[in-house]
Every structure is written in C-alpha cells, then in structure tokens.
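S.K.: Take this sequence and fold it.
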Amino acid sequence: DELKQTVNTVIPGKISGRLDAGLTSTQTTSSTTQIITTGNFTIKNAPNTYDVKGFYYYTASTAADGSTSRSADRYGGDATYRRDFDDRLFFSDEGGYLRDFQANIDHQGQDTASLGYILWKSKNLELDVQSGPSERYTDADGVAQKWRTLGGGKETLAWEFSDSLRLEQQVHALAQVDEFRNQAWGMSAALINQLDRNLELSLKFSQSYNAIVGLNGARSEQVIALVLGVTF
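M.R.: Numbering: from 1, shown residues only. Now for the predicted structure:
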C-alpha cells in the first residue's frame, strides 16, 4: 500500500503488480534445472496504461559425468505505454532490453510502436491484435549489423473461466524489413489458478524461434514450468 501511494504521487491511477518464481527439474540421462523469475507493475489511468516487466531465466544441464552446461541464461525487461482512443482502437509503444549470456548478446535494445484493435471484448474475455514497426540495436559477438528495422505483430488473449481460473495467451512475430528470412516468433500460454487473495499458481508453456541474430543459425526453445506468483 505504501508503494502504491508513493507511485500515485507521480502517476495517478489504479496500481497492480505480480511477482513470479518457478523451478522445474527433469531427470533422464542428464538432469535439467530451469529457474524462471518474472515481475510486472501496471498503472491504469484511463485512457492511459503504463506497464513495466522484468525477467530472469536460467537453464542448466548436468551430465552423468558431472559436467554442467547452460542452455539458457538471460535477463531483461520492457516498459509499455498504451493509449486507448475508444473501446476498440489503441496505440502502444514498447521499449525493451535483453542480455543473453548463452547467445553472447551483450546488450539488445528495441522500441516498437504499433496500432492495436480489440477484436472481442466482454466481461470474461478480451482478444486484441496489434501491428507496427520496430527499431532494434544488438551488440553481440560476431554481429556486424547492429541496427535493424523490423516489422511485426502481436495477438493477446485473456480469458477468465471463473473467479479463480483464467487463461493468458500471446503470439508475436517479427521480421527484418529488408531481409525477410531474418525473423523471430514466439508464443506463450499460462493457465492461472488463484489460490488465495494474493497467491496464484500457474502452469506455463512457451515456444520461440529466433533467426534474426543468427549466431548459430536459427535458435528455438520450448519451456514448460510450474510457477508460484504473488500479486498486489
């Protein structure tokens, strides 16, 4: 409450937030450990919405001989401003940052401006699409072209089955304007069960493909995780 009051002195509006932490482990011929932590902070002051997200993701495998290798180790975040023009049409500007140790990306920054439209809006379901240009800067080993102009789109679905169960789903795609084969896409889905007033349990699945950086050819990834979240 004190945090909300402090923020409201600068930006008035309805404040909400969420902190997630998850760990999965699979034992076969090798053991794989995945650590996922995310957090987001949202202020809604109609017709404006401000949203800040951050994440850290780490995956390591231990072979039978005891050797350890990483398949993912990255952190980053993004900040989004959204302006609703009416009940359907909106504008969004999203700035993001990424550092990926496994892909040898020292720094990556990106800004995306897009127009969006809400295809379906009811008490329990909202479906929207948005599209627009992006400008990306990547400082990575072996990458000579640091600036890239991209175009893409995003689809987002939020569906409340009941007061305690909901689905959050998203699909996004990007491609380099002057070299279409340099592209990236991803999808994610989370089934979220509200256990208590400020406690949620999520089953999350995500899949991504990235051929824009091209350090080792196209890179793809699949993640399934059980995540505990605290809301405020």
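S.K.: Need the residues that contact the helix or strand hosting T33.
M.R.: Using DSSP states H and E, T33 maps to strand 31-45. Contact partners of strand 31-45, identified using CB atoms under 8 Å, 6 or more residues apart in numbering, comprise 7, 11-26, 49-62, 71-72, 204, 223, 225, 227. Where you see a C-beta, it was placed from the backbone N, CA and C, and this is true even at glycine.
S.K.: Now tell me what touches the helix or strand hosting T112 from outside.
M.R.: Using DSSP H and E, T112 sits within strand 105-121. Residues from elsewhere that reach strand 105-121 (CB under 8 Å, 6+ apart): 74, 76, 82, 87-100, 126-141, 150, 152-154, 213.
S.K.: downstream neighbour of the helix or strand bottoming out on mean pLDDT in the chain in the secondary structure list?
M.R.: Ranked by mean pLDDT, DSSP states H and E, the helix or strand of the chain with the weakest confidence is helix 2-8, at a mean of 70. Of the helices and strands lying after helix 2-8 in sequence (DSSP H and E), the nearest is strand 14-27.
S.K.: Please save the CA atoms from that following strand in PDB.
M.R.: Output of strand 14-27 as PDB, limited to C-alpha atoms (Å, rounded to 0.1, in the frame of the first residue of the first chain):
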ATOM      1  CA  LYS A  14      -5.100   2.000 -10.300                       C
ATOM      2  CA  ILE A  15      -1.900   0.100  -9.500                       C
ATOM      3  CA  SER A  16      -1.400  -3.700  -9.700                       C
ATOM      4  CA  GLY A  17       1.600  -6.000  -9.800                       C
ATOM      5  CA  ARG A  18       2.800  -9.500  -9.800                       C
ATOM      6  CA  LEU A  19       6.000 -11.400  -8.800                       C
ATOM      7  CA  ASP A  20       6.500 -15.000 -10.100                       C
ATOM      8  CA  ALA A  21       9.100 -17.700  -9.300                       C
ATOM      9  CA  GLY A  22       9.200 -21.200 -10.800                       C
ATOM     10  CA  LEU A  23      11.500 -24.200 -10.900                       C
ATOM     11  CA  THR A  24      11.300 -27.300 -13.000                       C
ATOM     12  CA  SER A  25      13.600 -30.300 -12.900                       C
ATOM     13  CA  THR A  26      13.700 -33.300 -15.300                       C
ATOM     14  CA  GLN A  27      15.800 -36.400 -14.600                       C
END
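S.K.: Mind checking the pLDDT average for it?
M.R.: Averaging pLDDT along strand 14-27 yields 80.
S.K.: swap in stretch 128-147?
M.R.: 92.
S.K.: Can you mark which positions in it are buried?
M.R.: Buried residues in stretch 128-147, defined by neighbour count with 16 or more other CB atoms under 10 Å: D128, Q130, G132, S134, R136, T138, A140, V143.
S.K.: Now intersect those residues with the strands, please.
M.R.: Members of the buried residues of stretch 128-147 lying in strands (criterion: DSSP state E): D128, Q130, G132, S134, R136, T138, A140.
S.K.: Test my guess that the fifth one contacts R148.
M.R.: Right, the one you point to is R136. Yes - when contacts are counted by CB atoms under 8 Å, R136 is listed as touching R148 (4.8 Å).
S.K.: Overlap in contacts, those two.
M.R.: Joint contacts of R136 and R148 (CB under 8 Å, 6+ apart) are I212.
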